[in-house]
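**Student:** output the structure for:
(chains A, B, C and D)
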2 protein chains.
Amino acid sequence: MKKSLLGQRMKAFRERCKDLGLSLTYQRLSIYKALLQVPGHPSPDAIYQVVRKTYPSISLATVYKTLDRFEKSGLVSKVNPLHETARYDPKVEHHHHLVCTECKHVEDLDPQELTRPLPLDPRSLGLPEGRCRDFDVADYTITFKGVCQACRRRLARAPRTGAGAA
Amino acid sequence: MKKSLLGQRMKAFRERCKDLGLSLTYQRLSIYKALLQVPGHPSPDAIYQVVRKTYPSISLATVYKTLDRFEKSGLVSKVNPLHETARYDPKVEHHHHLVCTECKHVEDLDPQELTRPLPLDPRSLGLPEGRCRDFDVADYTITFKGVCQACRRRLARAPRTGAGAA
DNA sequence: TTACCTGCAAAGTATTTGCGCGTTC
DNA sequence: GAACGCGCAAATACTTTGCAGGTAA
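**Tutor:** Reported below is the predicted structural model:
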């Protein structure tokens, strides 16, 4: 990442934090900077290892807490999973998933069910040439995120209370 | 799941195991059956809880080992993640991912980069009516799985040895 | 000054592993 | 009978939490 762009992003980050009422600490600044600089979507530990070089006293717990704070504030996104633990599916053929963001329930969706069929071959999906050259793409899956019927009903009865909801 | 279909699937499973040289134990049979019966893509623990009702002496470790074995044999698929630990991304806008199945490296792909643009609204993607009614879909992400350039090179130099590769 | 944030250490949860006994083939 | 698979318990990995002292605003 170019130095000027990095500076620009860091500046935007500072402002965003201010708006959100988040204190600007060197830990937060360096964690965010590491996230911008480390390619490939680092894990909390990977970020910790990077930040530690500059601030040896930082703790892994702080990195976890901070990333969680950032995510809840919409400053970063968690690549992962809608569900953190392993989940298995007896279906091994190419298919997509509907995941409930509330209860983590997962439903399968057969590609044939799509009324606007998509090509099976990921290359035909419009991946730019350059990316295909770098990345030998073998397969793709669409993950639809939403709220299932049961959860919608439950939420309607007992909606999220307080002003906490971002 | 209808009883007849279940029986049919179990039969196919037995045959598949035989072909693969996997011993047929009641643990494996009941774990696979639970996977077919429990909706929503159960976790190892959820499967354990189900199987335990019938075979109280089964251990959770066996469930883990068995599911792993099944996955490596192509009998089941892991819904999750290409990477088990948390991974963060500074980008919060709607975007897709390219994930290297070897090193777990993740790259972002902007929807605009697709030469064949897809609608932003997941409903326009051809989700069948019925599913939309049940599931209030808010968003979708495409995950392209493949092997990155660095890993391709590495594999070319030191290809997977032995007959283990399925 | 005061509320917010950090580091530490301990706890919690998820998953893996080594090993001796039991079962399948 | 030999190879394979199982249950147990301990180990490991990842993540969260409570609290006392430190820091930003």
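**Student:** contact residues of chain A facing DNA strand D?
**Tutor:** With Cβ under 7 Å from any atom of the strand as the criterion, chain A meets DNA strand D at residues A:23-26, A:43-45, A:60-61, A:64-65, A:68, A:84. In this view, the C-beta of every residue, glycine as well, is placed from N, C-alpha and C.
**Student:** pLDDT check: weakest of those?
**Tutor:** The lowest pLDDT within the residues of chain A next to DNA strand D belongs to A:Glu84, with 78.
**Student:** stretch A:103-112 and DNA strand C, any residue contact?
**Tutor:** No. Against DNA strand C, stretch A:103-112 shows no contacts by Cβ under 7 Å from any atom of the strand, the least distance being 10.9 Å.
**Student:** give me the number of residues near A:Glu15?
**Tutor:** 10 (other Cβ atoms under 10 Å in any protein chain shown).
**Student:** which of the three states applies to it?
**Tutor:** helix (DSSP: H, G, I helix; E, B strand; the rest coil).
**Student:** roughly how far apart are it and chain B?
**Tutor:** Per Cβ to the nearest Cβ, to the nearest Å, A:Glu15 is found 15 Å from chain B.
**Student:** what residues are up against that residue?
**Tutor:** Contacts for A:Glu15 (Cβ atoms under 8 Å, 6 or more residues apart in numbering or on different chains) come out as none.
**Student:** where does chain A get nearest to DNA strand C, which residue?
**Tutor:** A:Thr62 (2.9 Å; Cβ to the nearest atom of the strand).
**Student:** what comes up buried for the helix or strand hosting that residue?
**Tutor:** For A:Thr62, the host element (DSSP states H and E) is helix A:60-72. Buried residues in helix A:60-72, counting neighbours by 16 or more other Cβ atoms under 10 Å in any protein chain shown, are found at A:62-63, A:66-67, A:70-71.
**Student:** contacting residues around the nearest residue to A:Cys17 once chain neighbours are set aside?
**Tutor:** With Cβ to Cβ, 6 or more residues apart in numbering or on different chains as the criterion, A:Cys17 has its nearest non-adjacent residue at 5.6 Å, and that residue is A:Leu24. Counting by Cβ under 8 Å, 6+ apart, A:Leu24 touches A:14, A:17-18.
**Student:** can you go through the residues you listed and name the buried ones?
**Tutor:** Buried members of these, counted by 16+ other Cβ under 10 Å: A:Cys17.
**Student:** if we can go back for a sec, among the buried residues of helix A:60-72, which one sits closest to chain B?
**Tutor:** A:Leu67 (5.5 Å; Cβ to the nearest Cβ).
**Student:** quick one: the strands in chain A?
**Tutor:** A:77-78, A:88-89, A:96-100, A:106-109, A:136-147 (DSSP state E).
**Student:** now those as CSV including mean pLDDT?
**Tutor:** Shown next, in CSV, are the strands of chain A (pLDDT from 0 to 100):
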stretch, mean pLDDT
strand A:77-78, 92
strand A:88-89, 92
strand A:96-100, 90
strand A:106-109, 90
strand A:136-147, 91
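**Student:** B:Asp108: which of those is closest?
**Tutor:** strand A:77-78 (10.1 Å; Cβ to Cβ).
**Student:** for the closest one, packing partners?
**Tutor:** strand B:88-89 (3 or more Cβ pairs under 8 Å, 6 or more residues apart in numbering or on different chains; DSSP states H and E).
**Student:** who are the packing partners of the strand it packs on?
**Tutor:** Secondary elements touching strand B:88-89 (3+ Cβ pairs under 8 Å, 6+ apart): helix A:60-72, strand A:77-78.
**Student:** now render these as a markdown table, adding distance to B:Asn80.
**Tutor:** Converted to a markdown table, those look like this (distance: least, Cβ to Cβ, whole Å):
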| stretch | distance to B:Asn80 |
| --- | --- |
| helix A:60-72 | 18 |
| strand A:77-78 | 13 |
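**Student:** can you dump the C-alpha atoms of stretch A:55-69 in CSV for me?
**Tutor:** Extracted in CSV, the C-alpha atoms of stretch A:55-69 (Å, rounded to 0.1, in the frame of the first residue of the first chain):
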residue,chain,number,x,y,z
TYR,A,55,5.0,-2.0,20.8
PRO,A,56,6.3,-5.0,22.6
SER,A,57,4.1,-4.5,25.6
ILE,A,58,0.8,-4.8,23.7
SER,A,59,-1.2,-7.9,24.7
LEU,A,60,-3.0,-10.3,22.5
ALA,A,61,-6.2,-9.8,24.6
THR,A,62,-6.1,-6.1,23.5
VAL,A,63,-5.9,-7.1,19.9
TYR,A,64,-8.9,-9.3,20.3
LYS,A,65,-10.9,-6.7,22.2
THR,A,66,-10.0,-4.0,19.8
LEU,A,67,-10.8,-6.0,16.6
ASP,A,68,-14.1,-6.9,18.2
ARG,A,69,-14.8,-3.2,19.0
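**Student:** that stretch: how far from the chain's middle?
**Tutor:** In terms of Cα atoms, centre = their mean, to the nearest Å, the centre of stretch A:55-69 is found 18 Å from the chain centre.
**Student:** cool, stretch A:63-71 as well?
**Tutor:** The chain centre lies 12 Å from the centre of stretch A:63-71; the measure is Cα atoms, centre = their mean.
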